[in-house]
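Chemist: Need a 3D model of the following:
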Amino acid sequence: MTRLAIAGVPRAGKTTLAEEMGGGRSTDDLIGLGWSEASLEASGWFDEPGPWVVEGMAVPRALRKWLAAHSTGTPCDRLTWLGKPHEKHSPGQAAMGKGAETVMQGIVGELRNRGVAVEGWR
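Modeler: Predicted structure coming up:
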């Protein structure tokens, strides 16, 4: 039973990869909630039994919120990071990507310590 989270910079293929794997939940569907509310809502998705795929720009922040709320356990079995965009970023997309990388840098050690297989991260 695999629980897969897909995160990365904008335009890197997160949604495409999720679709190739049969689909899943996208944090893009939560954009209307605002940044903090969207990541809080998505963090709850990690409590659902698998198998599932969760992808999107809010995944790193959702993982950070999940880790903060749970002193033990794993939010997912595997995290795939896509860090290379397929198209040139606008300034806003570049800023979003940098923010996602910063959050990832802060949580990747804890994810690995808890047993999450992290792919694609440096």
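Chemist: and the longest helix seen in the chain, which residues are buried?
Modeler: Secondary structure assigned by DSSP state H gives helix 91-113 as the longest helix of the chain. The neighbour-count check on helix 91-113 (16 or more other Cβ atoms under 10 Å) flags 93, 96-97, 100-101, 103-104, 107-108, 111 as buried. All C-beta atoms are positioned from the backbone trio N, CA, C, and that covers glycine.
Chemist: Which of those sits closest to residue 79?
Modeler: Ranked by distance to residue 79 (Cβ to Cβ), these are led by residue 111 at 6.2 Å.
Chemist: where's that closest one relative to residue 59, distance?
Modeler: Distance of residue 111 to residue 59, computed by Cβ to Cβ, to the nearest Å: 11 Å.
Chemist: what are the ranges of the strands in the protein?
Modeler: Using DSSP state E, the strands found in the chain span residues 3-8, 25-26, 52-55, 78-82, 117-119.
Chemist: May I see these organised as CSV, with mean pLDDT, distance to residue 35 and mean neighbour count added?
Modeler: Conversion of the strands of the chain to CSV gives the following (pLDDT from 0 to 100; distance: least, Cβ to Cβ, whole Å; neighbours: other Cβ atoms under 10 Å):
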stretch, mean pLDDT, distance to residue 35, mean neighbour count
strand 3-8, 98, 15, 26
strand 25-26, 96, 15, 18
strand 52-55, 97, 17, 24
strand 78-82, 97, 20, 21
strand 117-119, 97, 23, 15
